[in-house]
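[1] Model the following, please.
(one chain, ligands or ions: 1)
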Amino acid sequence: MKIIENIPYGGIIHPNRCLDLYIPDKLNESISIAFLVHGGAWCTGDRKDLGPLATELANRGVVTATAGYRLTTKDGKSEIVAPMHTQDVADGLTMLHDRIKEYIHFQPSGVVLHGHSAGAHITGLISLQSGWVSDTVASWIKRNVSSEGIFCIEQLLKEYPSYGDWFLFHAFPDRSTWDRYSLYKKPFRKIPQTIVHSEQDSLLRYALSDEYFKHVSEIPGSDSHLLHGYDHDEVLQAKEFYDLLSGYFVLIQ
Ligand SMILES: N[C@@H](CC(=O)c1ccccc1NC=O)C(=O)O
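    The predicted structure follows:
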C-alpha cells in the first residue's frame, strides 16, 4: 500500500482543497474505488481523521481517496460557509474522476462515497441532489454510505438546540437556505444509500438516522445498519464497520 498525499483538486488553491490517495499493492480493476469525507461539524476535522479507515480499505484492495475541504471558523467572520464545504468536496470528486487514471492507469468503473457525521450531509447532497457534480460524475457514484450522519439542519437544531451556537449558525448562517440543503427533499438521483449508526452515539441519536432511512428506503438497493457499543467517532475505528464498508466493493459490480 502506498499513500500519495496533498493532491490539489484545482481551482482555488488551499491546503484543505486536496485529496490523499491510498493505493493498494495489487489493483483489482473490477471493483469500485472509495471516496471518504470526514466530519467535525463543518468547523473541525481533517482528512487524516479517516487515515485508519482508508489504510484498512487499501490493505483490502480498495483504491481509497480521503477528501479535505475548507472549514468554517467560529470567530463570527468566517468567509467559508455553506454550501462551500459541499462544493469543495464535489470539486474534489470531479478531479478524482477526471485524473485517477494518472495514478492507477485504469478508469475505475465506479466510486462508493462514504461520509461521517457532517461529511454524510456533504456526500448525501452530492449523491442525491442535482447540480453539485456533472451527470457523468454522478453516474460514476454507485452508492453513498453515511455513518453517524446529519441529514437536516432544521431537525438537528430542534433535537439539539445547543448545536445552534456551537456550530450550525456558524456553518449555515443563512437560515433561508436550510430547506434547500435538507436531505428530506425528494431525491433527484436514485443512488442507493446505506445508513449506519451506533446506538451509543452520544452526539447524534440513532432515531434521527432511523427516521431518515424511512425517507431514502424508497431508493432501490438502500439499506441500514444499527451498530452497538460505539460512540460517535469510535465507529470509524470499528472492525465491524470496516467489514461492512468493504462488503460494498465486492457486491456492487
Ligand atoms: N468537533 C466539533 C463538534 C462535532 O464534530 C459535532 C458535535 C455534535 C454533533 C456532531 C458533530 N460532528 C459532526 O460532524 C466541534 O468541536 O465543534
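
[2] Grab the most central residue of the protein for me.
    Compute the mean C-alpha point of the chain, and by Cα atoms, centre = their mean the closest residue is residue 115, 2.2 Å away.

[3] My assumption is that that one lies in a strand; please confirm.
    Yes - when DSSP: H, G, I helix; E, B strand; the rest coil is applied, residue 115 is found to be in a strand.

[4] Thought residue 144 was touching it, still the case?
    Yes - using Cβ atoms under 8 Å, residue 115 makes contact with residue 144 at a distance of 7.2 Å. C-betas here are computed from N, CA, C, even on glycine.

[5] State the distance from the residue nearest to the centre of the chain to residue 94.
    According to Cβ to Cβ, to the nearest Å, residue 115 stands 16 Å off from residue 94.

[6] again with residue 73
    For residue 73, the distance to residue 94 - Cβ to Cβ - is 26 Å.

[7] on that earlier part again, so the closest residue to the residue nearest to the centre of the chain other than its chain neighbours, which state does it fall into?
    Nearest non-adjacent residue to residue 115, counting by Cβ to Cβ, 6 or more residues apart in numbering: residue 123, 3.4 Å away. Of the three states, residue 123 takes helix under three-state DSSP.

[8] Does residue 123 touch residue 144 like I think?
    Yes - between residue 123 and residue 144 there is a contact under Cβ under 8 Å: 5.0 Å.

[9] Give the residues shared as contacts by these two.
    Both residue 123 and residue 144 are contacted by 113, 114, 115, under the criterion Cβ atoms under 8 Å, 6 or more residues apart in numbering.

[10] so can I have a markdown table of the residues you listed showing distance to the ligand?
    Compiled in a markdown table, the shared contacts of residue 123 and residue 144 are given as follows (distance: Cβ to the nearest ligand atom, whole Å):
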| residue | distance to the ligand |
| --- | --- |
| 113 | 16 |
| 114 | 13 |
| 115 | 9 |
